[in-house]
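Q: Got a predicted structure here, sequence first:
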Amino acid sequence: MKILFFGTPRFAEIILQGLLDHHFDVVGVVCQNDKPAGRGKKMKSPHIVELAHNHNLPVYQFEKIREHIDDFKAMDYDLAVTASYGKILPKNFLDIKPCINVHPSMLPKYRGATPIQSALLNGDTTTGVTIMKTEVGMDDGDIFVQKQVQILPEDDYVSLLDKLANVGLELLVDTLKKIENGTAKRTPQDDSKATFVKLIQKEDALLDFSCNVENLVNKVRAFAESPVAFFFLGDDRIKVYKARVFSKETNGKIGEILSTKKHFLIQAKDGVFEILKCQSAGGKVLDASAFLNGYHFKTMVEGV
RNA sequence: CGCGAGGUAGAGCAGUUCGGAAGCUCGCCGGGCUCAUAACCCGGAGGUCACAGGUUCAAAUCCUGUCCUCGCAA
């Protein structure tokens, strides 16, 4: 069975690597276009391109799929597999050959672009992965199989994505084998229970200390890779990579810095928020203790 | 040539404007105090001030070039 793989970010990379490790016959990789990235606006390929090249797989980066329908018709493949490709596939493409998708949530919950972040933001303790048929609608195709995954308190976007991708791979391999031997079954989703999650805006990552501490910590977890939760210390924009709930005390004023010694504590609405890893503009990502050693708190109130 | 910040002790930073003895906080080592401590006190080790060249009686500091790190934007 010849597989045409669609995927762009790390989640897709893990799945693709796994398919290759399991010796599936991947005949090509379709991913998003190169984009200008980093300082100096140099064009940069998605990381998955390197993986594809290492295995001598042809890479296709089409601006619009619908303008390349004939190209796809000319390709020799039996099944398209998508894993966070990043673009919506049009009907005339899906009509060519069957297509299945790996989605990191327990569908019909969290249809859309940001299921992993959403689970973390909402403080869920479980999520999952679904293998489904790709249809025109957003993540609404029939389900082949799905599996729950625990979310640990210490999980963030990076670690959870890793877990979900690996479980997704396992389910995908299983499903592909069943499709090959004709034993694959699928059941429709219950659309009435569907929920949708939107794209993340940069401003979503701003930490508002008048929120509950758990929400703040969940933001840090959900946005750990990008765009990274942040707040302003005077004029300095501080990115927070790791944080936790320090206590449920509410003795300080909201937004007040309660300690800059050993612990970096800020009063939130219903508890104390502790920053464990952060970064100021121009600096590296530091443990809170290192950050506190040299940072000059000018206008902020110090306590303890 | 998109905009900007930075490289000084193991870590994080000040010092650079205006050249004139290498500093701070933390960590580390040793000692003291304490029932005890992420506490406090005393002492100590640890630096080619990113690299190269230039100016100068004298350069972390001024000039030129190179390398590296990071924030924004996309």
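A: That came through fine. Residues are numbered from 1 along each chain as shown, chains lettered A, B, ... in the order given.
Q: domain ranges for chain A?
A: A:2-193, A:202-294 (automatic domain parsing).
Q: would CSV of those with mean neighbour count be doable?
A: Every residue, glycine included, has its C-beta placed from N, CA and C. Formatted as CSV, the domains of chain A follow (neighbours: other C-beta atoms under 10 Å):
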stretch, mean neighbour count
domain A:2-193, 17
domain A:202-294, 17
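Q: Indicate which one of the ones you listed is closest to RNA strand B.
A: Judged by C-beta to the nearest atom of the strand, the one of those that comes nearest to RNA strand B is domain A:202-294, at 2.6 Å.
Q: The closest one close to RNA strand B?
A: Yes - contact of domain A:202-294 with RNA strand B (C-beta under 7 Å from any atom of the strand) involves A:202, A:227-228, A:230, A:237, A:239, A:262, A:279-284, A:286, A:289-291, A:293-294.
Q: which other helices and strands contact whatever helix or strand A:Val26 lives in?
A: Following DSSP states H and E, one finds A:Val26 within strand A:25-30. For strand A:25-30, the elements it packs on are strand A:2-7, helix A:10-21, helix A:47-54, strand A:59-60, judged by 3 or more C-beta pairs under 8 Å, 6 or more residues apart in numbering; DSSP states H and E.
Q: May I have the strands that pair with the next helix or strand after that strand, each with its orientation?
A: Following strand A:25-30 in sequence order, the next helix or strand is strand A:35-37 (DSSP H and E). With DSSP bridges as the test, strand A:35-37 is paired with strand A:42-44 (antiparallel).
Q: who touches the strand ranked longest in chain A?
A: Using DSSP state E to define each element, chain A has its longest strand at strand A:236-247. With C-beta atoms under 8 Å, 6 or more residues apart in numbering as the test, strand A:236-247 has contacts from A:156, A:207, A:213-214, A:216-217, A:220, A:224, A:228-232, A:263, A:265, A:271-281, A:285.
Q: one more time with 7 Å, if that's ok
A: The contact list for strand A:236-247, computed with C-beta atoms under 7 Å, 6 or more residues apart in numbering, reads A:207, A:213-214, A:216-217, A:220, A:224, A:228-231, A:263, A:265, A:271-281, A:285.
Q: swap in stretch A:270-289?
A: A:209, A:212-213, A:216, A:236-250, A:258, A:262-266, A:291.
Q: who's in contact with the residue in the stretch 51-200 of chain A that RNA strand B sits nearest to?
A: Closest to RNA strand B within the stretch 51-200 of chain A is A:Ile200: 12.9 Å, counting by C-beta to the nearest atom of the strand. The contact partners of A:Ile200, taken as C-beta under 7 Å, 6+ apart, are A:Thr114, A:Gln117, A:Pro227.
Q: And for A:Lys2?
A: A:Lys2 neighbours (C-beta under 7 Å, 6+ apart): A:Asp25, A:Val27, A:Asp76, A:Tyr77, A:Asp78.
Q: Now distance to RNA strand B and pLDDT too, for those residues, in JSON lines please.
A: Output for these, formatted as JSON lines (distance: C-beta to the nearest atom of the strand, whole Å; pLDDT from 0 to 100):
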{"residue": "A:Asp25", "distance to RNA strand B": "35", "pLDDT": "98"}
{"residue": "A:Val27", "distance to RNA strand B": "31", "pLDDT": "97"}
{"residue": "A:Asp76", "distance to RNA strand B": "35", "pLDDT": "96"}
{"residue": "A:Tyr77", "distance to RNA strand B": "32", "pLDDT": "97"}
{"residue": "A:Asp78", "distance to RNA strand B": "36", "pLDDT": "97"}
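Q: Max pairwise distance over the residues you listed: which two?
A: A:Asp25 and A:Asp76 (10.5 Å; C-beta to C-beta).
Q: Would you give the sheet partners of the helix-or-strand element of chain A with minimal mean pLDDT, along with the direction of each?
A: Least confident element among the helices and strands of chain A, by mean pLDDT, DSSP states H and E: strand A:257-261 (a mean of 85). According to DSSP bridges, strand A:257-261 forms sheet pairs with strand A:263-268 (antiparallel).
Q: what's the next secondary structure element after the strand it pairs with?
A: That would be, after strand A:263-268 and using DSSP H and E, strand A:271-280.
Q: relative to strand A:257-261, how tilted is that next one?
A: 60 degrees (axes from the mean of the first three to the mean of the last three C-alpha atoms, to 10 degrees).
Q: List the pairing partners of the helix or strand just after strand A:271-280 within its sheet, with orientation.
A: Heading C-terminal from strand A:271-280, the first helix or strand you meet, by DSSP H and E, is strand A:286-287. Applying DSSP bridges to the sheet, strand A:286-287 is found paired with strand A:271-280 (antiparallel).
Q: what's the angle between the partner strand and strand A:236-247?
A: Using the same axes, to 10 degrees, strand A:271-280 lies at 150 degrees relative to strand A:236-247.
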